[in-house]
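Participant: Can you look at this prediction? I've put the sequence above it.
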Amino acid sequence: MKCQLWFSEYHTKNFALSLRVKDVLFTGKSKYQEIQILDTYDFGKVLILDNTFQTTERDEFIYHELISHPALFTHPNPKKVLVIGGGDGGTVREVVKHESVERVDFVELDEMVLELCKKYMPSLSCEMDNEKVNIIIGDGIKYVAECDEKYDVIIVDCPDPVGPAVGLFEKEFYKNVFKCLNDDGIMTQQTESPLYNLDLIKKIYTYLKDAGFSIVKPYVCSIPTYPSGFWCFTLASKKYDPLDVDENKIKEKLKNIPTKYYDEEVHKGVFLSSPKFLKDELKK
Ligand code: SAM
């Protein structure tokens, strides 16, 4: 009899996403979470935290380009960037593609995620040793509460709001992010599934407005391995509107920034194509 190994993430009691596993590269527990790195048949190497898909080699580019570039191309000259979470390194990899970026402070809670991704997922973690990247092992919630630095862009590459990540979706956190941004600063965060987490997206929208951001824009795309396959990011800006960016300037900069998903049309497109049910809810 031939055995097959599958990993399933249960999105609800009655709905699961399963990938067939070629090899179990790592399975263990850190101080914060259960960690698995699996090699799968169709999605390559996959990072799983607490039984939840975090990233896969096959579709990670969609997520990492869309959490990074809309903010970085909206800001005319991003020099100092803060990345919170994102231990796999994919977001940092995208951020350092921008020539203007001089320093990236990268605050990740779990050193074990960093070390494992360095070992098993080098296509994501390849820029962790870049001299512009300053790795800080610590809690991003505490970091922004105590920080007296100012950043041009802050990217919150967090997991779902459970355990140590709960506070990354709270009112106090967004106030502190606002405080840590320059007067023309921009933040982006992954904000879950519009299909499953609409109330959370609405709550985040309100918190960001209350924190003082004049422009708050959720945008969506599809990511096959995240719950519902349909995902939301939220950009909040003190000054620059992503829809005012000159497409030709994006095109020019992209000559030196290799991307697979993001370009000047995607930049405008994501902000213009939010589904009606999401816009209707935010209007309420
Ligand atoms: N793309 C992913 C997703 O949406 O599922 C997020 C990936 S990234 C691996 C999330 C990282 O955030 C994890 O490595 C986790 O350790 C880290 N993290 C969780 N809570 C944190 C906190 N409070 N401060 C900093 N990092 C945190």
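Facilitator: Nice, I can see it.

Participant: use CA for all of it now, contacts and neighbours both
Facilitator: Will do.

Participant: Now Ser222: phi and psi?
Facilitator: phi -110, psi 130 (degrees, to the nearest 10).

Participant: Identify the residues contacting it.
Facilitator: Ser222 is in contact with Gly229, Phe230, Trp231, counting by C-alpha atoms under 8 Å, 6 or more residues apart in numbering.

Participant: Apart from its neighbours in sequence, what residue is nearest the last one?
Facilitator: It refers to Trp231. Ser193 (4.7 Å; C-alpha to C-alpha, 6 or more residues apart in numbering).

Participant: ok, back up a step: tell me the one of the contacts of Ser222 nearest Leu208?
Facilitator: Using C-alpha to C-alpha, Trp231 is the member of the contacts of Ser222 that lies nearest Leu208, at 18.7 Å.

Participant: that older thread, next one: the residue nearest to Trp231 from Lys80, what distance?
Facilitator: 29 Å (C-alpha to C-alpha, to the nearest Å).

Participant: One more: Cys147?
Facilitator: 14 Å.

Participant: who has more neighbours, those two?
Facilitator: Set side by side, Cys147 and Lys80 show more neighbours around Lys80, with 20 against 12, by other C-alpha atoms under 10 Å.

Participant: Is it correct that that one is in contact with Arg103?
Facilitator: Yes. Taking contacts as C-alpha atoms under 8 Å, Lys80 lies within contact range of Arg103: 5.1 Å.

Participant: Could I get the full set of helices for the chain?
Facilitator: Ranges of helices in the chain, per DSSP state H, are 60-74, 90-95, 111-120, 122-125, 140-146, 171-179, 198-211, 247-254, 264-272, 276-283.

Participant: Report all helices and strands that the shortest one contacts.
Facilitator: Put plainly, it is helix 122-125. Contacts defined by 3 or more C-alpha pairs under 8 Å, 6 or more residues apart in numbering; DSSP states H and E place helix 122-125 against helix 90-95, helix 111-120.

Participant: Contacts only, for Val166.
Facilitator: Contacts for Val166 (C-alpha under 8 Å, 6+ apart) come out as Asp160.

Participant: Show me what from the stretch 151-284 of the chain comes close to the ligand.
Facilitator: With C-alpha under 6 Å from any ligand atom as the criterion, the stretch 151-284 of the chain meets the ligand at residues Asp157, Cys158, Pro159, Pro164, Ala165.

Participant: Widest-spaced pair of the residues you listed?
Facilitator: The largest separation in those, counting by C-alpha to C-alpha, is between Asp157 and Pro164 at 13.3 Å.

Participant: now the residue nearest the centre of the chain, which residues is it bridged with?
Facilitator: By C-alpha atoms, centre = their mean, the chain has its centre lying nearest to Asp157, at 3.3 Å. With DSSP bridges as the criterion, Asp157 is bridged to Gly85.

Participant: can I get the residues of the stretch 151-284 of the chain next to the ligand in TSV with pLDDT?
Facilitator: Converted to TSV, those look like this (pLDDT from 0 to 100):
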residue	pLDDT
Asp157	98
Cys158	97
Pro159	95
Pro164	94
Ala165	96
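
Participant: So which of those is surrounded by the most neighbours?
Facilitator: Neighbour counts for these (other C-alpha under 10 Å) peak at Asp157, which has 27 neighbours.

Participant: so it makes contact with Met187?
Facilitator: No. Asp157 is not in contact with Met187 according to C-alpha under 8 Å; the separation is 10.8 Å.

Participant: Report the contact partners of Val101.
Facilitator: Contacts of Val101 by C-alpha under 8 Å, 6+ apart are Asn77, Pro78, Lys79, Lys80, Val81, Val95.
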